[in-house]
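>>> Next one to model:
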Amino acid sequence: MKRALGLALTLTLAACAVGPDFERPAPPAAQSYTVTPLPASTVAAEGKAQSFAPGQDLPALWWTLFHSPALDALVKKALAGNPTLDSARAALRQAHELTEAQRTAFFPVLAGDLTQVRGKNAQNSIAPPTQLVNPYYSLYTAQLSVTYAPDLWGATRRAVESAEAQEQGTRFQYEAAYLTLSSTVVVTVIGEASLRAQLAANRRLLAIAHELTEKIERQRVLGTASELDLLAQQAAEAQIAQAIPPLERQLAQTRDALAALLGIPPSDLTGDDIALDDLSLPEQLPVSLPARLVEQRPDIRQAEEAMHAASAEVGVAISDMLPQVAITGALGSGALTPSKLFTPGNGFWSAGSSLTQTLFDSGALLHKRRAADAALDQAGALYRAAVIGALQNVADGLEAVKTDADALKAAADAEHAARRSWDLARRQRDIGMISLVLLLNAEQTYQQAEIALVGARAARLSDTAGLFQALGGGWWNRQGEGEAQ
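Have a look, this model is predicted:
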């Protein structure tokens with residue numbers, strides 16, 4: 001038996017693994033993400049510039065570049081308490097244990113067995129009645145059995161390879177959840193700050209409009225304004241007031257969404273509110289080369305590991321079509337009473353081997369092999385789709401960041417001009433130089449310009465966060481739990 005096991009182990013180590021050996025796909029040959037080259041920097045209102053840094057590495061805690069301790073605290077709290085991320089951590093532990101369980105297939109299985117059988121012999125057919133004193137008996141058996149399947153064709157190695165690839169895929173799935181959570185928290189906080197700014201702008205406008213309504217009402221009493229003038233101003237005030245409840249609803253829902261990201265009930269969300277002015281625009285934007293992006297994006301790495309696992313499963317399917325070898329052995333003792341179970345003369349042993357080859361299965365193994373080939377083709381297509389999608393994400397992010405600066409500058413210029421126009425219109429209306437209609441038009445223009453400025457500021461911050469997410473978020477520079485290699 002020892003010789004059989006030794007021979008089997010030797011054959012296993014010397015055998016080759018059938019099926020394709022996985023090779024990582026070649027990285028994209030493109031040197032840029034967009035047709036037009038990136039500018040050196042983008043400058044918006046008040047001289048706030050962002051410069052692109054091609055080839056520069058991303059920091060792991062990229063959200064700290066917004067220089068907001070309150071934002072940092074929220075992201076940290078979300079990473080510690082979000083149930084979706086906790087689920088991803090548990091899935092990673094599960095995948096690791098399944099890989100370790102698969103590795104045990106390389107070794108023999110030793111089992112112990114202790115049985116008791118109560119039976120009755122046939123008195124008239126097996127033994128003559130004169131020789132059979134008591135047909136009833138008890139049989140006690142204790143044995144150790146060993147089974148071993150030599151990995152002649154590499155099926156076990158391919159199965160372990162597949163399990164390891166699936167574990168790595170789960171690891172990158174965790175990194176993707178980590179990145180999505182952190183970036184979603186940042187964008188949600190920016191959205192909340194934008195809604196607060198829009199609410200504040202509308203409330204300021206409402207206060208000014210109410211002041212103007214009271215002034216026109218006094219003028220009507222004095223006879224310098226008509227009833228039509230008053231009704232027109234009241235309608236303008238009501239229109240501004242009408243825009244406030246939807247913003248309040250959006251703000252409340254955004255806070256509820258933030259609480260869910262943190263893993264807490266909405267009623268437990270406390271702390272200081274973060275304003276747009278509390279967030280600094282990151283001055284440098286690292287831009288990885290496309291060839292490097294496939295190493296950084298967790299979704300691409302996950303798709304690659306899925307293709308790796310599918311490749312290994314092809315080897316498993318091929319090996320199932322080849323002869324299977326098994327080695328078995330047993331050592332034990334049997335007796336009619338427990339006290340004589342281990343006495344001399346009651347011991348037994350057995351050793352054997354088997355060679356099994358499927359001769360006819362209606363093509364089941366062949367179809368399974370073809371299904372494994374198709375799964376590999378599918379995984380390859382999904383990998384290519386992930387790469388193309390990632391390149392598109394980065395290209396979209398770069399275009400957004402480039403145009404955000406111009407949009408913000410235009411919005412700031414429009415707000416400044418609208419404010420001056422409205423101030424001038426109010427003074428001219430006070431001395432009767434212009435009609436109320438012109439004043440209301442100036443007021444509406446300023447209202448729209450101020451809200452557009454808030455939206456442009458928030459868009460620039462959000463698109464900057466989106467670019468960090470599109471580039472992979474710097475998880476490879478993070479030390480600690482869940483770091484993928």
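
>>> rest of the way, CA atoms for contacts and neighbours
OK.

>>> Now do stretch 353-369: distance from first to last residue.
Terminal residues of stretch 353-369 lie 27 Å apart, using C-alpha to C-alpha, to the nearest Å.

>>> Could you give the average pLDDT over it?
For stretch 353-369, the mean per-residue pLDDT is 93.

>>> tell me what the one helix or strand residue 251 maps to is packed against?
Secondary structure assigned from DSSP states H and E places residue 251 in helix 244-262. Secondary-structure packing of helix 244-262 (3 or more C-alpha pairs under 8 Å, 6 or more residues apart in numbering; DSSP states H and E): helix 69-81, helix 155-222.

>>> Nearest approach to residue 386 belongs to which of those?
helix 155-222 (12.8 Å; C-alpha to C-alpha).

>>> looking just at contacts, which helices and strands does the closest one meet?
Packing partners of helix 155-222 (3+ C-alpha pairs under 8 Å, 6+ apart): helix 69-81, helix 83-103, helix 227-242, helix 244-262, helix 298-319, helix 436-470.

>>> how about 10 Å then?
Here helix 155-222 touches helix 69-81, helix 83-103, helix 227-242, helix 244-262, helix 298-319, helix 364-430, helix 436-470, going by 3 or more C-alpha pairs under 10 Å, 6 or more residues apart in numbering; DSSP states H and E.

>>> could you give the angle of the shortest one to helix 155-222?
So the one you mean is helix 69-81. If you take axes from the mean of the first three to the mean of the last three C-alpha atoms, to 10 degrees, helix 69-81 sits at 140 degrees to helix 155-222.

>>> Are there helices or strands packed against helix 69-81, and which ones?
helix 83-103, helix 155-222, helix 244-262.

>>> Recalculate using a threshold of 8 Å.
When contacts are defined as 3+ C-alpha pairs under 8 Å, 6+ apart, helix 69-81 packs onto helix 155-222, helix 244-262.

>>> what's the closest of the helices and strands packed on helix 155-222 to residue 50?
Set against residue 50 and scored by C-alpha to C-alpha, the helices and strands packed on helix 155-222 come closest in helix 364-430, at 8.7 Å.

>>> And that closest one, how far out from the chain middle?
Here helix 364-430 shows a centroid-to-chain-centroid distance of 18 Å under the convention C-alpha atoms, centre = their mean, to the nearest Å.

>>> quick one on the thing from earlier: with respect to residue 384, which of the helices and strands packed on helix 69-81 lies nearest?
Judged by C-alpha to C-alpha, the one of those that comes nearest to residue 384 is helix 155-222, at 15.9 Å.

>>> close enough to count as contact, residue 236 and residue 442?
No. Counting by C-alpha atoms under 8 Å, residue 442 is not a contact partner of residue 236; they are 11.5 Å apart.

>>> hmm, back to that, show me how far the helix holding residue 251 is from its chain's centre.
Helix 244-262 sits 23 Å away from the centroid of its parent chain (C-alpha atoms, centre = their mean).

>>> Output that helix as PDB, nothing but the C-alphas.
Presented in PDB, the C-alpha positions along helix 244-262 are these (Å, rounded to 0.1, in the frame of the first residue of the first chain):
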ATOM      1  CA  ILE A 244     -38.300  75.800  -2.100                       C
ATOM      2  CA  PRO A 245     -40.400  72.800  -1.000                       C
ATOM      3  CA  PRO A 246     -39.000  70.500  -3.800                       C
ATOM      4  CA  LEU A 247     -35.400  71.500  -2.800                       C
ATOM      5  CA  GLU A 248     -36.200  70.700   0.900                       C
ATOM      6  CA  ARG A 249     -37.600  67.300  -0.200                       C
ATOM      7  CA  GLN A 250     -34.500  66.500  -2.200                       C
ATOM      8  CA  LEU A 251     -32.200  67.600   0.600                       C
ATOM      9  CA  ALA A 252     -34.100  65.400   3.100                       C
ATOM     10  CA  GLN A 253     -33.900  62.400   0.700                       C
ATOM     11  CA  THR A 254     -30.200  63.100   0.100                       C
ATOM     12  CA  ARG A 255     -29.500  63.000   3.800                       C
ATOM     13  CA  ASP A 256     -31.500  59.800   4.100                       C
ATOM     14  CA  ALA A 257     -29.300  58.300   1.400                       C
ATOM     15  CA  LEU A 258     -26.200  59.500   3.200                       C
ATOM     16  CA  ALA A 259     -27.400  57.800   6.400                       C
ATOM     17  CA  ALA A 260     -27.900  54.500   4.500                       C
ATOM     18  CA  LEU A 261     -24.400  54.700   3.100                       C
ATOM     19  CA  LEU A 262     -23.100  55.200   6.700                       C
END
